[in-house]
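In: Everything below, folded, please.
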Amino acid sequence: MARQISWRGVLSPDGPGASHPEPAVWRPGTPLVPPRSIVDAVRLMQFGAVLEVAEIVRGFATRDQLRAAIVHDAAAGRLVATDADVDRVLQITLTVTTVTAAVACVIWLVMSRITARGSRSGRIVASGLFALDVGSFVGALLPTAGTFGQTFALAILVIGAWAVVRLWHRDSSAYIRYQTRPQDD
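Out: Okay, the predicted model is just below:
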């Protein structure tokens, strides 16, 4: 006897999941509360902003190690570097680190606000920013940063990855769909 396949879905005559209950998907309620996946993504983004502030502190806390690394690189390249040259490179490096981390902190916070509102474009922008973060981690930080800097960058990368995963969760998709096209049920 042939095995009968039971197709359960939107187009089946007896309704979706007649024998198996459909997994719970976020539904709008009163008051409108975002699903856990959106709340998690927002909190992860806020934690990413905190890590960026910690990156600024780390840059100044490891100033002496950075100075020693600059001197070592100059000596390894057989360059004649005076103390003024080393200090200038150190100031530029710390300025770039501080400005980059401050801008990244603002981006994390703006993205968390956009995510909390349920913006469809916010989810796409967050995914694109994550791709840029992966590229900068692999291309720029792995070959040049020290162990402490790589650890911070890896922590920020993991936080970003988990936030993007939570943004593409089924409940997040339902919430974002409702926020962009509210429907009365």
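
In: The lowest-mean-pLDDT helix or strand in the chain: what's the following helix or strand?
Out: Ranking every helix and strand in the chain by mean pLDDT, DSSP states H and E puts helix 142-144 at the bottom, with a mean of 68. Once helix 142-144 ends, the next helix or strand along the chain (criterion: DSSP states H and E) is helix 147-167.

In: buried sites along that next one?
Out: Using 16 or more other CB atoms under 10 Å as the test for burial, helix 147-167 gives 149, 152-153, 156-157, 159-160, 163-164, 166-167. (Glycine included, C-beta is placed from N, CA and C.)

In: hey, where'd the helices end up in this structure?
Out: Per DSSP state H, the chain carries helices over the ranges 36-61, 63-76, 83-117, 120-136, 142-144, 147-167, 170-180.

In: just flag whichever of those has the lowest average confidence.
Out: Lowest mean pLDDT within the helices of the chain: helix 142-144, a mean of 68.

In: Let's check: the centremost residue of the chain is which one?
Out: For the chain, the residue nearest the mean C-alpha position is Gly160 (2.2 Å; CA atoms, centre = their mean).

In: does it really touch Gly48, like I thought?
Out: Yes - counting by CB atoms under 8 Å, Gly160 touches Gly48, with 6.3 Å between them.

In: dump the residue contacts of Arg36.
Out: Taking CB atoms under 8 Å, 6 or more residues apart in numbering as the criterion, Arg36 is in contact with Asp171.
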